[in-house]
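Colleague: Sharing a sequence plus its predicted fold:
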Amino acid sequence: MNDLMVFITNNFILFLLILVRVTGIFVAAPIFSRANIPMLYKICLSAAISFIMLPILINDYSIEADATLSIFFYAVSEFMIGLIIGFISFMFFSVLYLAGTIIDTQMGFGMVSVFDPQTNTQIPVMGNFYNNLLSLLFIVINGHHLLIKALVHSYFLIPIGVAFNINLDAVNLFTAIMSEIFLLAFKFSAPVLLTIFLGNVVLGILARTMPQMNVFIVGLPLKIMIGITTVIITLQYFIPFSEMLFDRMITAIYEMMQTLSRG
């Protein structure tokens, strides 16, 4: 125990800077940043991950910080890197939030929402359903290990104490990621949109052939039934889509780290 404390004390600045980058991920990354996880658990897990990474990085870094101001600037830079990694992963999880919003609007659930403890906001019903499935799948396939692996890889691209700039290439990459998120959300919700559109066409034909039928009373439960049936049928494609989403998330993190390292 004494040797452990001496080891941490001799490398306290490096340990602190590693902890700051890990903490940045816990602020924004999915699963890790959930508000219903006790703060003490987050701090302990961040410290444990930082301590595991300390022997790995101790031979590659020699941090010389002779002033509190320089340590502060190092810490801000490390926190921003961790925050960027966590935010990119959170954006890809938001694909299903957006897809759920589109599906709920078409099904008639636009005014219905549930409370999400992760973001402390009201989210659509289907978005919450898909997000819970995605979170469970993320843990089952050890997706959090991939996120930690991306964190470790970031140290080889953007070492501790090296300043990085958010250049034009990074802005363009961020814009491309946002565009891809909207496209993925539309692709995921496309089957429900198509079936509900066909249902609206059928209702339009019935309204012309049988004017005495109240289309509004018939249409609302019909669209809900069509939407839920389509969601159940398309659940078989949820796992392949999620695996593709996770792969694209990790790739986007690597691409962003490489872009920032060139800045």
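Modeller: Done, it's in. Residues are numbered from 1 along each chain as shown.
Colleague: packing partners for the helix or strand hosting residue 122?
Modeller: Assigned by DSSP states H and E, residue 122 belongs to strand 121-124. Counting contacts by 3 or more CB pairs under 8 Å, 6 or more residues apart in numbering; DSSP states H and E, strand 121-124 packs against helix 68-107, strand 113-116. For glycine as for every other residue, the C-beta is placed from the backbone atoms N, C-alpha and C.
Colleague: got the ones you listed as JSON lines, with distance to residue 169 and mean pLDDT columns?
Modeller: Conversion of the helices and strands packed on strand 121-124 to JSON lines gives the following (distance: least, CB to CB, whole Å; pLDDT from 0 to 100):
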{"stretch": "helix 68-107", "distance to residue 169": "14", "mean pLDDT": "85"}
{"stretch": "strand 113-116", "distance to residue 169": "33", "mean pLDDT": "64"}
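Colleague: for those, which one sits closest to residue 191?
Modeller: Shortest distance between residue 191 and those, using CB to CB, is found for helix 68-107: 9.5 Å.
Colleague: Give me the buried positions along the closest one.
Modeller: 71, 74-75, 77-107 (16 or more other CB atoms under 10 Å).
Colleague: again, but for stretch 204-213
Modeller: For stretch 204-213, by 16+ other CB under 10 Å, it's residue 207.
Colleague: go on, stretch 27-36?
Modeller: 28-33.
Colleague: is it possible to export the helices and strands packed on strand 121-124 to JSON lines including distance to residue 54?
Modeller: As requested, these are exported to JSON lines (distance: least, CB to CB, whole Å):
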{"stretch": "helix 68-107", "distance to residue 54": "14"}
{"stretch": "strand 113-116", "distance to residue 54": "35"}
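Colleague: Out of those, flag the one nearest residue 224.
Modeller: Using CB to CB, the helices and strands packed on strand 121-124 put helix 68-107 closest to residue 224, at 5.5 Å.
Colleague: Mind giving me the packing neighbours of the closest one?
Modeller: helix 12-28, strand 121-124, helix 125-140, helix 143-157, helix 168-209, helix 215-234, helix 238-262.
Colleague: can you rerun that using 6 Å?
Modeller: When contacts are defined as 3 or more CB pairs under 6 Å, 6 or more residues apart in numbering; DSSP states H and E, helix 68-107 sits against helix 12-28, strand 121-124, helix 125-140, helix 168-209, helix 215-234, helix 238-262.
Colleague: how far is that helix from where the chain is centred?
Modeller: Put simply, helix 68-107 sits 6 Å off its chain's centre (CA atoms, centre = their mean, to the nearest Å).
Colleague: That one to helix 238-262, inter-axis angle?
Modeller: Helix 68-107 and helix 238-262 are oriented at 150 degrees to each other (axes from the mean of the first three to the mean of the last three CA atoms, to 10 degrees).
Colleague: mind listing what's buried in stretch 181-190?
Modeller: Under 16+ other CB under 10 Å, the buried positions of stretch 181-190 are 181, 184-185, 188-189.
Colleague: Revised request: answer the last question for stretch 166-180.
Modeller: 170, 173-174, 177.
Colleague: Just the CA atoms of it, as PDB, please.
Modeller: Presented in PDB, the C-alpha positions along stretch 166-180 are these (Å, rounded to 0.1, in the frame of the first residue of the first chain):
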ATOM      1  CA  ILE A 166      -9.900  23.100 -33.700                       C
ATOM      2  CA  ASN A 167      -9.100  23.800 -37.300                       C
ATOM      3  CA  LEU A 168     -11.300  24.000 -40.400                       C
ATOM      4  CA  ASP A 169     -10.900  20.300 -41.100                       C
ATOM      5  CA  ALA A 170     -12.200  19.500 -37.700                       C
ATOM      6  CA  VAL A 171     -15.200  21.800 -38.200                       C
ATOM      7  CA  ASN A 172     -15.900  20.100 -41.600                       C
ATOM      8  CA  LEU A 173     -15.700  16.700 -40.100                       C
ATOM      9  CA  PHE A 174     -18.100  17.700 -37.300                       C
ATOM     10  CA  THR A 175     -20.500  19.000 -39.900                       C
ATOM     11  CA  ALA A 176     -20.200  15.700 -41.800                       C
ATOM     12  CA  ILE A 177     -20.900  13.700 -38.700                       C
ATOM     13  CA  MET A 178     -24.000  15.800 -38.000                       C
ATOM     14  CA  SER A 179     -25.300  15.300 -41.500                       C
ATOM     15  CA  GLU A 180     -24.600  11.500 -41.200                       C
END
